[in-house]
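K.L.:
Give me the fold of what follows.
(4 chains)
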Protein chains: 2
Amino acid sequence: MRNMAKGSFKVQVLQAREGAIVASVNRLLAEKGYDAMTVDEVAADVGIAKASLYKHFTSKEELAAAAMIRLLDHALAFLATLEAQPKATALERLKAVARWTLQVQLAGEMPALPAQNSTLRAALAANKTYLDRLMLVSDKLGEWITAGQKASQLNRKLPPELILYTLFARACDPVLSLLKAGGKYSDEQIVDLLLTTCFDGLCGHAKLRLA
Amino acid sequence: MRNMAKGSFKVQVLQAREGAIVASVNRLLAEKGYDAMTVDEVAADVGIAKASLYKHFTSKEELAAAAMIRLLDHALAFLATLEAQPKATALERLKAVARWTLQVQLAGEMPALPAQNSTLRAALAANKTYLDRLMLVSDKLGEWITAGQKASQLNRKLPPELILYTLFARACDPVLSLLKAGGKYSDEQIVDLLLTTCFDGLCGHAKLRLA
DNA sequence: GTCTATAAGAGGATAGAC
DNA sequence: GTCTATCCTCTTATAGAC
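P.N.:
Residues are numbered from 1 along each chain as shown, chains lettered A, B, ... in the order given. Here you go, the predicted model:
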């Protein structure tokens, strides 16, 4: 019956080190993207040898998967806080999720994975922990989406998957970085502008925060 | 006065070969993305030796830039056909542009460049031909955007750059490939759905083509 | 300008001592 | 499990003959 409960001190040290590794990976993925991130950089950033990294994670793909799991866990924690507010409507919750996603991106903490890398996609598709977290997030958002459509807060003619994908896509919206690079708007304004275009469209007569 | 007019037969052959190269690059960029595309593949696809490629284009970055210029030229040609229709409103033209962009993507002909590759960005920023074409497209779209806002066809509260960027972003919309992978909708339905979410938002009460 | 052959280097992954 | 040192593959780019 070894390592009962939370495990020995030694185990906790190891888990803390893994947490530091994943945090570094997350930051580097947000900064440079998956392809430009090298395992050497990760090791240097954490302050350990590359060979030691490979004792914790067996490949670069697994490092990326760990970062994604970390992100999804943070998302799940945020979804839980939203669900704890019984007065909020489905639409308000979905907008809050989109806002959170954009803020993570603005903070430089959104890991960027290439959509076309097939080996990476295969590794993620084979990672049960990742798939599990992804399904938890998708299911919760799916509930709110159908609720929002029933209440006519969301366009009832749109397939729910489309709405789900559109919300997920806010995590890699290139418009955010372009507006940010322009330097004309504050972070809060950028978030409001993108939320407006997402939920009300380019034609919509939404009032933003001004009017 | 050598090479007058369109040049000799020899020059035309060379230009045709360069066209074939750029077409291959465009297809490979659309299929695998910039990082996964190798110069060896391009050479094999065109059917010439890699060293010959480097006689036409001095680097992989220049290959990508040539593909982008080709794309922008196609876009400019399409914009010209739109401008030849005097009855069309600004909004109709912008929707037609967005539709064209999505159709290029669906046809597997949209080159995919990583937003974060700094050396590639530098090469593009130093390419005057590319910048010239990009500015021509941006200026024309900018005209229509401001016209659409004056006519209240577009939300007047949105900064014009935001609208421009949002239209550009349709060229790499991940929602399209997700819907396509789902297999539940025809290409035309996918285009209509994405146009609706883009211009009318997730909340909008647009009728799509059904109602 | 086209080819074959190769340089030059980056980067993922591992061997083996401790 | 951590380290140093190394392997090995892939990829960009070029040399030099024709």
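K.L.:
gap between the helix or strand hosting A:Phe168 and the chain center?
P.N.:
Using DSSP states H and E, A:Phe168 falls within helix A:160-169. Centre-to-centre, helix A:160-169 and its host chain are 14 Å apart (CA atoms, centre = their mean, to the nearest Å).
K.L.:
Stretch A:34-48 now?
P.N.:
Worked out by CA atoms, centre = their mean, stretch A:34-48 lies 20 Å from the chain centre.
K.L.:
And the helices in chain A, which stretches?
P.N.:
Along chain A, counting by DSSP state H, helices occupy A:9-32, A:39-46, A:50-56, A:60-83, A:90-106, A:118-125, A:128-150, A:160-169, A:174-182, A:187-200.
K.L.:
who wins for proximity to B:Lys180 among the ones you listed?
P.N.:
With CB to CB as the criterion, B:Lys180 lies closest to helix A:160-169 of the helices of chain A, at 10.9 Å. Any C-beta I mention is one placed from the backbone N, CA and C, and that applies to glycine too.
K.L.:
So what touches that closest one?
P.N.:
The contact list for helix A:160-169 (CB atoms under 8 Å, 6 or more residues apart in numbering or on different chains) reads A:94, A:97-98, A:101, A:138, A:141-142, A:145-146, A:149, A:154, A:198, B:173-175, B:178-179, B:182, B:184, B:193, B:197, B:202.
K.L.:
Now, of those residues, which are buried?
P.N.:
A:94, A:97-98, A:101, A:138, A:141, A:145, A:149, A:154, A:198, B:173, B:175, B:178-179, B:193, B:197, B:202 (16 or more other CB atoms under 10 Å in any protein chain shown).
K.L.:
and those residues near DNA strand D, which?
P.N.:
Checking the buried ones among the contacts of helix A:160-169 against DNA strand D by CB under 7 Å from any atom of the strand, not one of them is in range.
K.L.:
Any buried residues in the helix holding A:Phe168, and which?
P.N.:
Within helix A:160-169, the residues scored as buried using 16+ other CB under 10 Å are A:161-169.
K.L.:
ditto for stretch A:48-58
P.N.:
For stretch A:48-58, a neighbour-count test (16+ other CB under 10 Å) marks A:48, A:53, A:56-57 as buried.
K.L.:
ok, it near DNA strand D or not?
P.N.:
Yes. Stretch A:48-58 comes into contact with DNA strand D (CB under 7 Å from any atom of the strand), by way of A:48-52, A:55-56.
K.L.:
Pull up the residues of chain A that are close to DNA strand D.
P.N.:
Going by CB under 7 Å from any atom of the strand, the residues of chain A near DNA strand D are A:14, A:17, A:47-52, A:55-56.
K.L.:
which two from the residues you listed end up farthest apart in space?
P.N.:
Checking the residues of chain A next to DNA strand D with CB to CB, the most distant pair is A:Leu14 and A:Lys50, at 17.4 Å.
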